[in-house]
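Asks: Predicted model and sequence below, questions to follow.
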Amino acid sequence: MPVTKADLFTRLPADWPTPLLPEIRAQIGPDDRLIVLDDDPTGTQTVHDVPVLTDWSEATLTAELQRPGAVVYILTNSRSMPAAQAEAINAEIATHLRAAAASTGRHIAVVSRSDSTLRGHYPIETQALEQALGRSVDAVLLIPFFLEGGRYTIDDIHYVEEGTWMTPAAQTEFARDATFGYRNSNLRQWAIEKHGGTLSSDAVCSISLEEIRSGGPDVVERRLSALSPGQICAINAASYRDLEVLVRGLLASEARGRHYLYRTAASFVRVRGGISPDPLLTTEALGTAGAKRGGLIVAGSYVNRTTEQIEAAVQLGHVEPIEVCVQALLGDTASKEIGYVQRAAQDAIMSGRDALVYTSRERITGDDKDASLDIGQTISRGLVSIISGLGERPAWVIAKGGITSSDVATKGLGVRRAWVMGQALPGVPIWRLGSESRWPDLVYVVFPGNVGGPTAVADMTRILRG
């Protein structure tokens, strides 16, 4: 049952008293690289000054590992794919990473970054990575804590913050996802559920907040080092300090020769990579104020939060709402619908108004998981066609929804390497597109579907316009 955040947090022990990020940075050597396989581009929502690759050839990865920098993101967009395709992509990347690391002498650790509300291809992706990396894994760590989005794991229960309430994840709309739905909020039981009941209860353990906050890094190291080969361990966390304690103990365990795979949300990456928090980006830092042309907002996410944000953005006087009929994209009139939306969006942009291109709000699903994914991919291809056919460059682009933002970037704008500038709103990453893209140096906002309050898209638009 939902519980108020105040009631839940008042009974927790106090945070570990000592900041540990400086010690974590000191433990990361010049040849160490944290490679983040991101199943949609929203995983960059806690970091800054890191690259994002959409190409994972061995040559590309070798060149990237030779550059300075502790963290590299690889955008797989595998959450939009059937399970078999997601498995194959993870295996291919891991194979290329293994070769690139060997040729460059780099030491790599791998994060399988996915959704903080537990949607994604687990355990298929971690299993594929373990096999293709060619080394035994002492444990797989489940760490879905994501402070910026209000996701906390307490007493093994994963919660989603909704206003003043903390709702167990299985009681939210995210658990009813047509492809990635689930029944359990308890992370240990969720893992057993996702493994199809093939795991025994003692194959999944957890590290509690009491151990993290009272025992500190030494206790975490001992607990991790005692895990049996291949065991799954759920990590409780309710603050960034909890992650610092975890990572400090984790690195000490790895220094003794242990190997772990991480299945995490976005917050873990910042701490494991030794990245300090950065101030939110301003209009001046983005350099987007005063543009004569309008911007472009593309919204494909269907969650209720996105719908609220669309409605609030429409109330802005400078936004031109342009609805894309989903039924038309799925039928014989797709090309006609795409042409109409393109013309309307281009007219708005050239007149200095911001074009808000959004899918009609009815959610259409198939008879099974793969059929639902196929429908989503068809809709996304329609949105990509709209963007790729625009003849004029907008002042900036906001892409709302993980799959939408990935497909628009890679397929619509031809991005191969982008640079994460930081965030202008908590949990909302902003990229600077590479020189190879269709619109070089464009400011590109990757706006997760399930992040932000009702006015967040409107607020982002105001920041961009100055």
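Replies: In hand now; what should we look at?
Asks: what ranges of the stretch 301-450 of the chain fall below the confidence cut-off?
Replies: Low-confidence segments of the stretch 301-450 of the chain, defined by pLDDT under 70: none present.
Asks: at 80 what do you get?
Replies: Flagging of the stretch 301-450 of the chain using pLDDT under 80 yields the residue ranges 301-303, 361-365, 367, 369, 373, 376, 450.
Asks: per-domain residue ranges of the chain.
Replies: Per automatic domain parsing, the domain ranges recorded for the chain read 3-272, 283-465.
Asks: I'd like those domains laid out as a markdown table, including mean neighbour count.
Replies: No exception for glycine: its C-beta is placed from N, CA and C like everyone else's. Converted to a markdown table, the domains of the chain look like this (neighbours: other CB atoms under 10 Å):
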| stretch | mean neighbour count |
| --- | --- |
| domain 3-272 | 19 |
| domain 283-465 | 20 |
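Asks: wait, N236 sits on L246?
Replies: No. With contacts defined as CB atoms under 8 Å, N236 does not count as touching L246, sitting 9.3 Å away.
Asks: Overlap in contacts, these two.
Replies: With contacts taken as CB atoms under 8 Å, 6 or more residues apart in numbering, N236 and L246 have I207, I212 as neighbours in common.
Asks: ok, V204 touching I235?
Replies: No. If you go by CB under 8 Å, V204 and I235 don't touch, sitting 11.9 Å apart.
Asks: which residues are in contact with both of these two?
Replies: Overlap of the contact sets of V204 and I235 (by CB under 8 Å, 6+ apart) is empty.
Asks: Tell me which other helices or strands the lengthiest helix in the chain touches.
Replies: If you go by DSSP state H, the chain has its longest helix at helix 83-104. In terms of contacts (3 or more CB pairs under 8 Å, 6 or more residues apart in numbering; DSSP states H and E), helix 83-104 is packed against strand 32-38, helix 58-66, strand 107-113, helix 124-133.
Asks: Give me the contact list for that helix.
Replies: The list of residues contacting helix 83-104 from outside it, by CB under 8 Å, 6+ apart, reads 33, 35, 37, 39, 56-58, 61-62, 64-66, 74, 76, 78-79, 81, 106-108, 110, 112, 121, 124-125, 127-129, 131-134.
Asks: Kindly calculate the angle that it makes with strand 107-113.
Replies: Note on geometry: by axes from the mean of the first three to the mean of the last three CA atoms, to 10 degrees, helix 83-104 and strand 107-113 are set 160 degrees apart in direction.
Asks: ok and helix 83-104 relative to helix 124-133, angle-wise?
Replies: Here the directions of helix 83-104 and helix 124-133 differ by 40 degrees (the same axes, to 10 degrees).
Asks: any idea how far helix 83-104 is from the chain center?
Replies: Here helix 83-104 is found 19 Å from its chain centre; the criterion is CA atoms, centre = their mean, to the nearest Å.
Asks: per-residue confidence averaged over that helix?
Replies: Averaged across helix 83-104, pLDDT comes to 98.
Asks: could you dump it to CSV, C-alpha only?
Replies: These are the backbone C-alpha positions of helix 83-104, laid out as CSV (Å, rounded to 0.1, in the frame of the first residue of the first chain):
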residue,chain,number,x,y,z
ALA,A,83,13.9,-9.8,-26.5
ALA,A,84,16.0,-11.7,-29.1
GLN,A,85,17.2,-8.6,-30.8
ALA,A,86,18.1,-7.0,-27.4
GLU,A,87,20.0,-10.1,-26.5
ALA,A,88,21.9,-10.1,-29.7
ILE,A,89,22.9,-6.4,-29.5
ASN,A,90,24.2,-6.8,-26.0
ALA,A,91,26.2,-9.8,-27.0
GLU,A,92,27.6,-8.0,-30.0
ILE,A,93,28.6,-4.9,-28.0
ALA,A,94,30.2,-7.0,-25.2
THR,A,95,32.2,-8.9,-27.8
HIS,A,96,33.5,-5.7,-29.4
LEU,A,97,34.2,-4.2,-25.9
ARG,A,98,36.2,-7.2,-24.9
ALA,A,99,38.4,-6.9,-28.0
ALA,A,100,38.7,-3.1,-27.7
ALA,A,101,39.7,-3.3,-24.1
ALA,A,102,42.4,-5.9,-24.8
SER,A,103,43.9,-3.9,-27.7
THR,A,104,44.0,-0.6,-25.6
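Asks: check contacts around Q423.
Replies: Contact analysis of Q423 by CB under 8 Å, 6+ apart lists Q45, T46, H48, D278, L280, L281, P429, I430.
Asks: Can you tell me the SS state at P17?
Replies: Remark: P17 carries the secondary structure label coil [criterion: DSSP: H, G, I helix; E, B strand; the rest coil].
Asks: Ramachandran coordinates for it?
Replies: Backbone torsions for P17, taken as degrees, to the nearest 10, come to phi -70, psi -20.
Asks: hang on, D55 packs against A418?
Replies: No. Applying CB under 8 Å as the test, D55 and A418 come out as separate, 11.4 Å apart.
Asks: returning to what we had before: can you list the contacts of Q423 in JSON lines and add secondary structure?
Replies: Compiled in JSON lines, those are given as follows (three-state DSSP):
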{"residue": "Q45", "secondary structure": "coil"}
{"residue": "T46", "secondary structure": "coil"}
{"residue": "H48", "secondary structure": "coil"}
{"residue": "D278", "secondary structure": "coil"}
{"residue": "L280", "secondary structure": "coil"}
{"residue": "L281", "secondary structure": "coil"}
{"residue": "P429", "secondary structure": "strand"}
{"residue": "I430", "secondary structure": "strand"}
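Asks: Can you say which two of those are spatially most distant?
Replies: In the contacts of Q423, two members sit farther apart than any others by CB to CB. They are T46 and L281, at 13.6 Å.
Asks: What distance do you get for S351 to S335?
Replies: Here S351 is placed at a distance of 25 Å from S335 (CB to CB, to the nearest Å).
Asks: For my notes, please list the helices and strands packed on helix 83-104 in TSV and give mean pLDDT for each entry.
Replies: Conversion of the helices and strands packed on helix 83-104 to TSV gives the following (pLDDT from 0 to 100):
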stretch	mean pLDDT
strand 32-38	98
helix 58-66	98
strand 107-113	97
helix 124-133	97
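Asks: L261: which of those is closest?
Replies: L261 lies closest, by CB to CB, to one member of the helices and strands packed on helix 83-104: helix 124-133, at 5.3 Å.
Asks: what's downstream of that closest one, the next helix or strand?
Replies: Reading on from helix 124-133 to the C-terminus, the next helix or strand found by DSSP states H and E is strand 139-143.
Asks: Report the distance from that next one to the chain centre.
Replies: Distance, centroid of strand 139-143 to centroid of chain: 17 Å (CA atoms, centre = their mean).
Asks: Taking their axis directions, that strand and strand 107-113 sit at what angle?
Replies: Our comparison of strand 139-143 with strand 107-113, counting by the same axes, to 10 degrees, yields an angle of 50 degrees.
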